[in-house]
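1. Structure of the sequence below:
(one chain, ligands or ions: 1)
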Amino acid sequence: MTIEDLRLRHSVRTYTDRPIPAETIRKLNAAITDVNTHEAGMHFQLQTDDPAPFQGFGRSYGMFSNVRNYIACVADTSYSDYMERAGYFGMQILMKACVLGLDTCFVSGTFSASHVGARIRVGEKLLFLITLGYGSERKQTGLSGILSKLTHRNSLTPMDFLDTELSWEDICLHFPMLLQGLEAVSYAPSAMNRQPVGILIKERTSTYNPVKPSEKKSKKKAEQQQNLAAMYDSLMAEAATDTTAQGDNNGSEPPLVLQAYVPAKKPDQLIDLGIAMYSFQVAYPGSWTWGNPATFHPLPDE
Ligand SMILES: Cc1cc2nc3c(=O)[nH]c(=O)nc-3n(C[C@H](O)[C@H](O)[C@H](O)COP(=O)(O)O)c2cc1C
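-> Residues are numbered from 1 along each chain as shown. Next comes the predicted model:
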């Protein structure tokens, strides 16, 4: 997977009758089984030749035509961060489909959930679909291709996703591939094209939290929780400083932290967060600790 694969992807909503070859279906199923086997609570299911969820669906946000194949993202809601992880692994599977030559689109709203032919067990929830097939609007090249790209995305530049008070020089010293990561995030699809994800870089000792408390909580409760979180963070930061001072980790704990976040804990935005995290990681080798904010750990230099 490369950043160029991310750049070339765009949502396709109109499909031709061309069937997906058996070999492509086999490879997709292998990618899905791999995720379902190794990732707790994930239950992605490929449905072929099943137009029911999109039949008779009228004009609304996004118009779909002739969708016959899709992947249902079903997740066990008892696992923490299931939304974010569903977004991450959904994007991983979607990009696999793109590399196999398929056109795709995430869909969380404009389909009939009761007509989805996937198995949903007790405690599980259908979060979104990924439509698959060969689009009749694809293969645009030259100027029409560029125009189509522009209309598919906001005019946000990679730097618009960066949230920091530190100098660019400082940041690049610690995260040399940041610009590529930000570019990858700028290509990530998001519900309603909101592009809500921010990439925060702060001092390890900073207690700043970019995530606003959930709107459902009372203001007082939210304030109490924020104070507690700030107290916890500063205790952790103190402990980290102590350890560094004692030389327990040879002073190797990086002084800056890179986090991905969505500003509020809206469920659909947590899916967007996971999608952006996968995209970032395609460009910048490393791993994430789940959460909102989620923390990135770059792969150490060889
Ligand atoms: C979680 C999620 C849900 C989405 N739901 C819908 C949907 O219900 N209907 C639709 O037409 N497009 C949907 N989209 C597609 C977005 O509108 C699309 O990704 C965005 O406009 C950016 O365009 P691009 O994918 O071509 O870059 C969804 C995308 C995401 C990530």
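2. tell me how far the ends of stretch 71-82 are from each other?
-> End-to-end distance for stretch 71-82, by CA to CA, to the nearest Å: 17 Å.
3. near the ligand at all, it?
-> No - Stretch 71-82 does not reach the ligand (CB under 6 Å from any ligand atom); its nearest approach is 9.3 Å. All C-beta atoms are positioned from the backbone trio N, CA, C, and that covers glycine.
4. starting at the chain centroid, how far to that stretch?
-> Relative to its chain's centre, stretch 71-82 lies at 14 Å (CA atoms, centre = their mean, to the nearest Å).
5. If you drop the residues flanking it in sequence, what lies closest to residue 180?
-> residue 283 (4.0 Å; CB to CB, 6 or more residues apart in numbering).
6. Pretty sure that neighbour sits against residue 186.
-> No - assessed by CB atoms under 8 Å, residue 283 is found out of contact with residue 186, at 10.5 Å.
7. if we can go back for a sec, give the contact list for the residue nearest to residue 180.
-> By CB atoms under 8 Å, 6 or more residues apart in numbering, the contact list for residue 283 reads 3, 6, 177, 180, 181, 183, 184.
8. next one: phi and psi at it?
-> Here is the backbone geometry of residue 283 (degrees, to the nearest 10): phi -90, psi -30.
9. What separation do you get for it and residue 24?
-> Residue 283 is 26 Å from residue 24, where distance means CB to CB, to the nearest Å.
10. The stretch 201-302 of the chain against the ligand: which residues are in contact?
-> Within the stretch 201-302 of the chain, the positions adjacent to the ligand are 268, 271, 272, 275 by CB under 6 Å from any ligand atom.
11. buried subset of these?
-> 268, 271, 272, 275 (16 or more other CB atoms under 10 Å).
12. Look up the pLDDT of the first one for me, please.
-> As summarised for this prediction, residue 268 has a pLDDT of 80.
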